[in-house]
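> Predicted model, plus sequence, below.
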Amino acid sequence: MNRKNPRKGKDLTKGGVWKTLFLLAGPVVAGMLLRIGLNITDTFFVGMLGTDQLAAISVTFPVFFIFIAVASGLAIGSTALISQAIGGKHKKLANNIAEHSLLIAGITGAIISVLALIFSPQLFTFMGVSGDILAMTLQYSNLIFIGFVFVFLDSIAQGIINADGNTTTPARNLFIAFMFNVVLDPLLIFGIGPFPRLGLFGAAVATVFAEAISIFLNISYVLRGRTSVTIDPKCFRWNSSIFRKIITIGLPSSVSQSINSIGLILLMGLVGGFGVNAIAAFGVGIRLESLAILPIIGLATAVIPFVGQNLGAGKPERARKAVTAATFAAFAFMVFFSIVWFFVPQIIFSPFTSDPEVLAIGAAYFQIIAFGYVFLGMNIIIGSAFQGAGRTDLQFVINIVRWALIVGVAYGLVGIFGLNGIWMGFPIGNFFAFLVSFSLLKTGAWLKG
């Protein structure tokens, strides 16, 4: 198929490292802010319905991300391989990897949707949810689970666009989706004007509709040949070697990110023993905490194709310089947010609830976890460098160490310090995981692929 490509991707193997990296990261940060905004918007409006509804939506967060982690892992594997192919000027290989990735994502997403619908009640019950709150949780979550197949395809589409050095387009598309969500949430939750009052289900409808907008815009952008990668089903030929490479890189990343969600579920099970207010505070805290790491996630997302393209072009020192720059930036960002979380936690938490007990629990959570934020930020950057190099196994090791310590410390200290004992696991796990990640980085083995 002969298509014109009106938008060329960025060559990340040339130009100043700092400038190239941060210009790439800027739109990603904006996009991540909007994605978190989708979640925060739901939380804000649902919080107006009451503490029970807030608790119901709060427990869905880690469960959603178990399944989304699989999509993200596939996207990371695809982005790393496509960016390396682009850096090495292997266009046909990049095309083939992208086509395989979309096919794998569609099949995997359909399977995940079915599994989520079947097993989510058991997961929520394990987390201490029962009765009316369980019913509300399932009402909100089931509709979102049904749309997971499209989320998987969207993750790959964004990965293809990012691998091309274009982080602006996904951010722009997400902004459009975010605006739809902001408008639809209050209309459908509270039944304003001609719209029915749907409560939690209305929040789910608004979220799925907004996600559908983002998915349509990203996938259509790729299919119209606007990137360096061309998708042509007529030219597609199954290649088991490409499939194995995508899985080999993507699976450790999927499992690694799933560990994040599994760890949160285990902690939510502990938190659930302290009542609905504790569940609500933890759930809101997780969402707000996501805001603090947005600049870091943006940098990390930029690091993946940057490292991939430069290693593919045989420029390992340029890749190393980018990781060093991003790590220093992560340190500065996280020092700032640590100060914010420690000194003004209740002010940040108060827009989502007026319950004094929820506010007190949330404030204690932020003040304790603030001590490990710096190490968390640097872990994320170093892990993304390993992902861009195709060494997702190293990133997996970091996450295993981190969550083993977080959960282990939480279970060990909850009997002594109560909820605060659970929160203490975070700074301890982040610190020791950083020691492991920094040691692996210094060996330089990741530069060799």
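Arrived safely.
> can you give me the helices for the stretch 251-400 of the chain?
Applying DSSP state H, counting those that start in this stretch to the stretch 251-400 of the chain gives helices spanning 276-292, 294-312, 316-343, 345-349, 356-369, 373-388, 392-417.
> Grab the CA positions of the fourth one and hand them over as PDB.
What follows is helix 345-349 as a C-alpha-only set of coordinates in PDB (Å, rounded to 0.1, in the frame of the first residue of the first chain):
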ATOM      1  CA  PRO A 345      -2.200  17.100  53.300                       C
ATOM      2  CA  GLN A 346      -5.600  18.000  54.600                       C
ATOM      3  CA  ILE A 347      -6.000  21.000  52.300                       C
ATOM      4  CA  ILE A 348      -5.400  18.800  49.300                       C
ATOM      5  CA  PHE A 349      -7.600  16.100  50.600                       C
END
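> Adjust the sequence numbering to begin at 9 for everything that follows.
Yes, from this point I'll number from 9; that puts the last item at helix 353-357.
> now that helix: how far from the chain's centre is it?
23 Å (Cα atoms, centre = their mean, to the nearest Å).
> Just the residues contacting that helix, thanks.
Applying Cβ atoms under 8 Å, 6 or more residues apart in numbering, the contact partners of helix 353-357 are 289, 292-293, 296, 348-349, 366-367, 370-371, 373-375. (Glycine included, C-beta is placed from N, CA and C.)
> Extract the residue ranges of the protein that are flagged as low pLDDT.
Residue ranges of the chain with pLDDT under 70: 9-19, 36, 40, 43-44, 47, 457.
> Looking at the helices of the stretch 259-408 of the chain, which is nearest to Ile169?
helix 302-320 (9.9 Å; Cβ to Cβ).
> just the angle between the closest one and helix 324-351, please?
170 degrees (axes from the mean of the first three to the mean of the last three Cα atoms, to 10 degrees).
> Which residues in stretch 360-369 does the neighbour count mark as buried?
Phe360, Thr361, Asp363, Val366, Leu367, Ile369 (16 or more other Cβ atoms under 10 Å).
> Please read the previous query as pertaining to stretch 122-134.
So for stretch 122-134, counting by 16+ other Cβ under 10 Å, buried means Ala124, Ser128, Pro129, Leu131, Phe132.
> Any idea how far that stretch is from the middle of the chain?
Centre to centre, stretch against its chain (Cα atoms, centre = their mean), the figure for stretch 122-134 is 21 Å.
> Need the residues that contact it.
Contacts for stretch 122-134 (Cβ under 8 Å, 6+ apart): 67, 71, 75, 142, 145-146, 149-150, 153-154, 156, 273, 277.
> Just name the closest of those to Thr49, please.
Ser149 (16.9 Å).
> Could you check how far the closest one is from Leu32?
Remark: distance between Ser149 and Leu32 (Cβ to Cβ, to the nearest Å) = 34 Å.
> One more: Met56?
38 Å.
> between those two, which one's more packed in?
The neighbour comparison of Met56 against Leu32 (other Cβ atoms under 10 Å) goes to Leu32, with 24 against 13.
> In which helix or strand does that one reside?
In this structure, Leu32 sits in helix 25-55 according to DSSP states H and E.
> With Gln166 instead?
Gln166 belongs to helix 156-171, assigned by DSSP H and E.
> Okay then, goodbye and thanks.
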